[in-house]
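Engineer: Okay, sequence plus prediction incoming.
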Amino acid sequence: MCYNWAHREPAAPWRHIVMAFAMLHYRHSKINARMTQPSISVAPMMGCTDRHFRYLLRLISPRALLYTEMVTTGALLNNDPERFLQHTQDTPCALQLGGNQPDALGRSAKLAEEFGYQEVNLNVGCPSDRVQEGGIGACLMATPRLVAECFDAMRGNTSLPVTIKSRIGIDNQDSWDDFHKFISTLYNAGCRDFIVHARKAILRGLSPKENREIPPLKYDFVYRAAAAFPDARFTLNGGIKTVPETQAILKQVPAAMLGRAVYDNPWLLSDLDQAIYGDAPAERRTVLEHFRDYMMTELSRSTRLKHITRHLLTLFQGQPGARAYRRYLSEHMYDDHADITIFDEACQLVRPMHEREANRLAGPAQERSQYV
């Protein structure tokens with residue numbers, strides 16, 4: 001049996017009621033604190049954590065805090081903000097802002113609250129050349145007082161939690177004393193929530209990908225900062241790929257942020273929920289059924305299939321037919337007239353794991369018959 005969406009049985013009515021009730025649990029709140037103090041979050045990633053991917057992740061995990069891609073203040077304030085801030089059923093979700101002008105960041109933070117986000121975050125960690133040209137991202141670590149002014153302006157315009165995401169340093173400003181000074185300046189400005197990618201950023205000579213891999217990880221900087229500022233909350237980010245690694249980090253700090261590992265394997269969030277909270281595993285078929293319904297709604301609103309399915313290439317990683325699924329989807333989703341049948345046909349190339357196990361137990365003859 002394949003994932004044949006075109007001939008699936010109608011979804012039981014109670015499924016939609018359960019999903020609606022689950023989303024009510026995460027309605028927007030204006031309290032000036034994290035609602036659930038989540039231990040796990042998914043990093044803001046350009047080209048990855050758009051509203052479509054966040055919708056999928058929320059179906060997989062009701063607990064993880066999700067982050068948007070970075071949105072610059074110029075984009076928000078000089079255009080229709082709905083173009084950048086529209087989202088649905090992804091709460092709790094944080095909006096990440098890129099900027100260096102306190103007034104513009106304050107007005108943008110206000111928009112985050114108006115559009116129903118649960119947190120607003122300032123990017124002080126992205127090392128890309130394009131971001132640096134605007135004087136934002138990781139290069140701001142060289143001017144901690146300016147970052148403190150930006151934080152103060154954001155906090156003054158919203159009741160949402162305002163957080164800072166940074167590196168442990170930049171270029172030659174990468175000692176413990178440099179990092180401690182940076183954190184101290186923000187702490188004295190009132191910041192109590194820090195998300196730290198535990199690598200320094202090298203602002204010249206490395207690509208963003210290389211900056212995620214070449215500078216060595218220094219988790220001890222984050223652990224020392226958590227000990228030095230015990231009433232602040234530190235989330236550790238950088239190089240986390242597995243459940244055991246995450247569990248080890250949570251013994252040192254209250255929260256861990258994963259990035260590419262989740263993008264490459266979205267089901268990792270379900271594994272984390274099971275290991276950390278004791279939750280039941282996400283029902284993959286149910287998740288995919290609901291996401292297919294979401295795709296149908298988006299396609300009816302003229303969203304192009306490629307903008308959604310580009311996030312789905314690794315959904316069946318490790319299952320028989322996964323390579324054929326990826327190849328088919330990659331070859332057809334960019335067509336101007338691509339519709340839901342492309343996804344359906346790709347899914348039919350995959351056999352569920354439970355069927356593979358059943359065939360194995362049934363014996364060689366039965367296993368062969370499934371391929372006929």
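Structural biologist: Received the coordinates, thanks. Numbers count the residues shown, from 1 in each chain.

Engineer: Check which helices and strands the helix or strand hosting residue 256 sits against.
Structural biologist: Per DSSP states H and E: residue 256 is located in strand 255-258. Counting contacts by 3 or more C-beta pairs under 8 Å, 6 or more residues apart in numbering; DSSP states H and E, strand 255-258 packs against strand 40-42, strand 233-237, helix 243-250. C-beta: built from backbone N, CA, C; applies to glycine.

Engineer: Using JSON lines, lay out these together with mean neighbour count, distance to residue 316 and mean pLDDT.
Structural biologist: Below are these laid out as JSON lines (neighbours: other C-beta atoms under 10 Å; distance: least, C-beta to C-beta, whole Å; pLDDT from 0 to 100):
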{"stretch": "strand 40-42", "mean neighbour count": "24", "distance to residue 316": "20", "mean pLDDT": "98"}
{"stretch": "strand 233-237", "mean neighbour count": "23", "distance to residue 316": "27", "mean pLDDT": "98"}
{"stretch": "helix 243-250", "mean neighbour count": "16", "distance to residue 316": "20", "mean pLDDT": "98"}
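
Engineer: Take the ones you listed and lay them out in CSV including distance to residue 271.
Structural biologist: Listed next are the helices and strands packed on strand 255-258 as CSV, based on distance: least, C-beta to C-beta, whole Å:
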stretch, distance to residue 271
strand 40-42, 11
strand 233-237, 18
helix 243-250, 5
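
Engineer: Relative to residue 106, which of those is closest?
Structural biologist: Between residue 106 and those, the shortest separation by C-beta to C-beta is 22.4 Å, and it involves strand 233-237.

Engineer: Wait, a helix at residue 94?
Structural biologist: No. Under DSSP: H, G, I helix; E, B strand; the rest coil, residue 94 falls outside any helix and is assigned strand.

Engineer: ok, residue 126 touching residue 140?
Structural biologist: No. If you go by C-beta atoms under 8 Å, residue 126 and residue 140 don't touch, sitting 9.7 Å apart.

Engineer: could you pull out the helices for the stretch 51-200 of the chain?
Structural biologist: Using DSSP state H, counting those that start in this stretch, the helices of the stretch 51-200 of the chain run over residues 51-60, 73-77, 82-85, 102-114, 129-133, 144-155, 176-188.

Engineer: which one of these has the lowest average pLDDT?
Structural biologist: Comparing mean pLDDT over those, the weakest stretch is helix 129-133, at a mean of 88.

Engineer: Go through it and flag the buried ones.
Structural biologist: By neighbour count, with 16 or more other C-beta atoms under 10 Å as the criterion, the buried positions of helix 129-133 are 131, 132.

Engineer: and it, what other elements does it pack with?
Structural biologist: Applying 3+ C-beta pairs under 8 Å, 6+ apart, one finds that helix 129-133 contacts no other helix or strand.

Engineer: List the contacts of it.
Structural biologist: Around helix 129-133, the neighbours that count as contacts under C-beta atoms under 8 Å, 6 or more residues apart in numbering are 70, 98, 123, 137, 138, 139, 203.

Engineer: top of those residues by neighbour count?
Structural biologist: Neighbour count (other C-beta atoms under 10 Å) singles out residue 137 as the most crowded of these, with 30 neighbours.

Engineer: mind checking how far the closest residue to residue 81 other than its chain neighbours is from residue 129?
Structural biologist: Ranked by C-beta to C-beta, 6 or more residues apart in numbering and with sequence neighbours excluded, the top spatial neighbour of residue 81 is residue 111, at 5.2 Å. When distance is defined by C-beta to C-beta, to the nearest Å, residue 111 is 27 Å away from residue 129.

Engineer: Ok, residue 199 next?
Structural biologist: From residue 199 to residue 129 the distance is 18 Å (C-beta to C-beta).

Engineer: just to revisit the earlier point, got the contact list for the strand holding residue 256?
Structural biologist: With C-beta under 8 Å, 6+ apart as the criterion, strand 255-258 contacts 37-43, 195, 233-237, 240-241, 246, 249-250, 268, 272.

Engineer: Now do the helices in the stretch 251-372 of the chain.
Structural biologist: Using DSSP H, counting those that start in this stretch, the helices found in the stretch 251-372 of the chain span residues 260-264, 268-277, 284-300, 305-309, 322-332, 340-347, 353-362, 364-369.

Engineer: Using TSV, please lay out those together with mean pLDDT and distance to residue 80.
Structural biologist: Compiled in TSV, the helices of the stretch 251-372 of the chain are given as follows (pLDDT from 0 to 100; distance: least, C-beta to C-beta, whole Å):
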stretch	mean pLDDT	distance to residue 80
helix 260-264	97	28
helix 268-277	98	32
helix 284-300	97	19
helix 305-309	98	18
helix 322-332	96	31
helix 340-347	96	28
helix 353-362	53	44
helix 364-369	42	56
